Structures are given as structure tokens and as C-alpha cells.
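S.K.: Need coordinates for the below:
(2 chains)
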2 protein chains.
Amino acid sequence: MSTATRETQIVADPEVPLVRITREFDAPRGKVFRAHTDPELLVRWLGPRGLEMRIDHYDCRTGGSYRYVHSDADGEYAFRGCFHEVRPDELIVQTFTFEGQPDGVALEKLVLEDLGDGRTRLTVTSLCDSFADRDAMIAGGMEVGVVEGYERLDEVLARG
Amino acid sequence: MSTATRETQIVADPEVPLVRITREFDAPRGKVFRAHTDPELLVRWLGPRGLEMRIDHYDCRTGGSYRYVHSDADGEYAFRGCFHEVRPDELIVQTFTFEGQPDGVALEKLVLEDLGDGRTRLTVTSLCDSFADRDAMIAGGMEVGVVEGYERLDEVLARG
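M.R.: I've put the predicted structure just below:
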């Protein structure tokens, strides 16, 4: 078993205004899934280090919705959306808006694949309605939040 | 006041996998909005003539969800999704899946503009995650359903 931090790949699709994130975890699929659906686990890893996360509501089921707030010394950043589909251990499809840009909406899909030996590959795609919005999302510090968030998720999975 | 049927424009965007539908109505914005949010009105116009529409649930508010079933002599066609945002008289953002293709998801935005003189312009965009899915949606008889549906909506608005 490797204890090195795994690489997070963040790729801007050349054909459609979509970002694709891929990451492997040394944990079985069910455990990675629960870390995304259980708000008590989510709050321990989602986003970069150094931010506080407060959950307003997080009803992670098909037809549910969510809202949470990240905060640091500079202020608060709220995010919200609805869950189009939640398929246990496999798939979460949801919408995503940063309330600071209330007219921007992304459609996000999380797919979990069982790699055997208790390992899981996660793929998250984020679809925007323009290349400008997609590129602004990447330029807006997305990488730090994603890479550090998944390092924190490694730690949550190792403990649980 | 014109009684002629207005033209429905359906345009496939060349840059992103999106369809844009534009249509004007001889009714004020609030009335066009209510015809989209009140299930008792919706059931009278959504979709082509000759289909029955049954609503499983239609909770048209930010964070709500919906499911409805169209049926004809050949069978049933169910559709479902969640409401990301419902902004009265202005905007509805929702997800959309035809259950016959459960992994296909579109992100849809309805925008209503007040044209004055009791007239309203409706724009609906439907964003898919591939050009193949977008083009299949158009090829799959979308135009008949949209054009006939908006003719039926004209009738509902004229009566109400």
C-alpha cells in the first residue's frame, strides 16, 4: 500500500465547456461515496485547508438540495444546488452555483469506479454553458481547493 | 392584436452543445410564468397534441423536484429532474432526464422577458454534455413537441 499522495488530474475539455477531475483513493467505493453524502464527513474535507465549512442543509438524495458556506478571515462564500440523481456507491448528479455569481450554474457528475483491492477511481465533471465561464472557474483558484480537498479526504478515509 | 400563431425558433448553438428555443406570447410575463409552475395549467399544454400527461409530482420551487409521464397508444414516456432555481416571473433553472435514457441529463434555463403591451418573450436553453446527445435530442422529434406545446400554451393563456 502506497502512502504517497495521489495525483489529481484537472483537464479542460477541448470540445465542450467542461472540466474533468480524476483522482484515485486507497479506499473502497462505498466509503468514498459516504464521505460525499454524509454531511458530518463532508465538512471535514470539502475545500482547501484553512477555510471553515458550515452546512446550511445537505439533503443528498435524488430530488434533494443543499447549501453550504465556506469562510475565512476575508469573508463568506456560499454554494448551493439540487441533487438530480444519487445512485448509491456509483453516481451523484447535481447542480452547483456560487452565490457570488448567482446566474452561473454548473451541472456536475461524480462517478465512482471500483478498481479492486479496496481502491476507487473518482471522476467529477463540471459542465458550464460557456467556455468563458468554464475558464473563469479554473482560473478562480479551483485547483488548490480540489487538490487540498482530496488530500484531506485521504485523511478522513484513513481514519474512518 | 394578432391572432396568428407565432413562430417558434429552435437553434442548435455552433459553439457549445446547447439548443436555444425562442417564442413570443401575447400574455404578460406573470401569466406565462404561472403556466409553467402550476401543475394544473402545465398538464394542459406541455408536449405535443395527442399525448396524455400525468404528473407524478411537480414541486416547482428552488430545491424542489418533479416527475411526469406522457402516454399514448404506444406506451409511456417519463421525465424527471430537480429545480435548481425558481425566480418568480423571470427564471427557472432545472435538470431534465428522459427515463428511457437514464444517464442523459440536460441543464435547462427558462428566461421570461417583458416586451411591454402585455407581451412576453420566452427563451429556453437546454445544455447537454456532448454534441452527440444534443443532436440526438433534436433529431428525436423535439420540434413537433415544442411547437405544438406552445400553440396549446397560447390557447391556455387566451382562456385563463
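S.K.: which of the residues in the helix of greatest length in chain A are buried?
M.R.: Criterion DSSP state H: the longest helix present in chain A is helix A:143-159. Neighbour-count burial for helix A:143-159, with 16 or more other C-beta atoms under 10 Å in any protein chain shown as criterion, is recorded at A:145-154, A:156-157. No exception for glycine: its C-beta is placed from N, CA and C like everyone else's.
S.K.: which one of those is nearest chain B?
M.R.: A:V146 (19.3 Å; C-beta to the nearest C-beta).
S.K.: Settle this for me: the closest one is touching A:V19, isn't it.
M.R.: No - if you go by C-beta atoms under 8 Å, A:V146 and A:V19 don't touch, sitting 9.4 Å apart.
S.K.: Using CSV, write out every CA atom in the strand ranked longest in chain A.
M.R.: Longest strand in chain A, counting residues (DSSP state E): strand A:75-87. Taking Å, rounded to 0.1, in the frame of the first residue of the first chain, the C-alpha atoms of strand A:75-87 are listed here in CSV:
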residue,chain,number,x,y,z
GLY,A,75,-15.4,36.7,4.3
GLU,A,76,-18.0,34.1,3.4
TYR,A,77,-18.5,32.1,0.2
ALA,A,78,-21.8,30.3,-0.1
PHE,A,79,-22.7,27.5,-2.6
ARG,A,80,-26.0,25.8,-3.4
GLY,A,81,-27.7,23.5,-5.8
CYS,A,82,-30.1,20.5,-6.2
PHE,A,83,-29.4,16.8,-6.5
HIS,A,84,-30.7,15.4,-9.8
GLU,A,85,-29.7,11.8,-9.0
VAL,A,86,-28.0,10.0,-6.2
ARG,A,87,-27.2,6.3,-7.1
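S.K.: Give me the next element, helix or strand, following it.
M.R.: With elements assigned by DSSP states H and E, the helix or strand that comes after strand A:75-87 is strand A:91-98.
S.K.: mind checking how far that next one is from the chain centre?
M.R.: Distance of strand A:91-98 from the chain centroid (C-alpha atoms, centre = their mean, to the nearest Å) equals 9 Å.
S.K.: Would you state the helices of chain A in chain order?
M.R.: A:29-37, A:39-42, A:131-137, A:143-159.
S.K.: got those helices as TSV, with distance to chain B and mean pLDDT columns?
M.R.: As requested, the helices of chain A are exported to TSV (distance: least, C-beta to the nearest C-beta, whole Å; pLDDT from 0 to 100):
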stretch	distance to chain B	mean pLDDT
helix A:29-37	16	98
helix A:39-42	16	97
helix A:131-137	7	93
helix A:143-159	19	95
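S.K.: list the residues that contact both of A:V146 and A:V19?
M.R.: Common neighbours of A:V146 and A:V19 (criterion: C-beta atoms under 8 Å, 6 or more residues apart in numbering or on different chains): A:I10.
S.K.: anything in the longest strand of chain A sitting right up against chain B?
M.R.: Yes - contact of strand A:75-87 with chain B is found when judged by C-beta under 8 Å from any C-beta of the partner chain, involving A:81-85.
S.K.: In the residues you listed, find the pair that's most separated.
M.R.: Spatial extent of these (C-beta to C-beta) is set by the pair A:G81 and A:E85 at 12.8 Å.
S.K.: Show me which residues of stretch A:46-56 are buried.
M.R.: Buried residues in stretch A:46-56 (16+ other C-beta under 10 Å): A:46-48, A:51, A:53.
S.K.: Over to A:G50: give its phi and psi.
M.R.: phi 90, psi 0 (degrees, to the nearest 10).
S.K.: Return the distance of it relative to A:S71.
M.R.: 11 Å (C-beta to C-beta, to the nearest Å).
S.K.: same question, A:G63
M.R.: To A:S71, A:G63 is 29 Å away according to C-beta to C-beta.
S.K.: Please identify which of those two sits among more neighbours.
M.R.: A:G63 (21 against 13; other C-beta atoms under 10 Å in any protein chain shown).
S.K.: residue contacts, A:S126?
M.R.: Per C-beta under 8 Å, 6+ apart, neighbours of A:S126: A:18-19, A:21, A:96, A:106-108, A:134, A:137.
S.K.: Buried members of the residues you listed into ChimeraX, please.
M.R.: To isolate the buried members of the contacts of A:S126 in ChimeraX, using 16+ other C-beta under 10 Å:
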select /A:18,19,21,96,106,107,108,134,137
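S.K.: Farthest-apart pair in the contacts of A:S126, please.
M.R.: A:I21 and A:L107 (14.3 Å).
S.K.: Give me the neighbour count for the nearest residue to A:E155 once chain neighbours are set aside.
M.R.: Here the nearest residue to A:E155 in space, its sequence neighbours aside, is A:W45; by C-beta to C-beta, 6 or more residues apart in numbering or on different chains that works out to 7.4 Å. Residues near A:W45, counting by other C-beta under 10 Å, number 20.
S.K.: which residues does the residue nearest to A:S71 when sequence neighbours are not counted contact?
M.R.: Nearest residue to A:S71 in three dimensions, chain neighbours excluded: A:E52, at 4.9 Å (C-beta to C-beta, 6+ apart). By C-beta under 8 Å, 6+ apart, the contact set of A:E52 is A:70-72.
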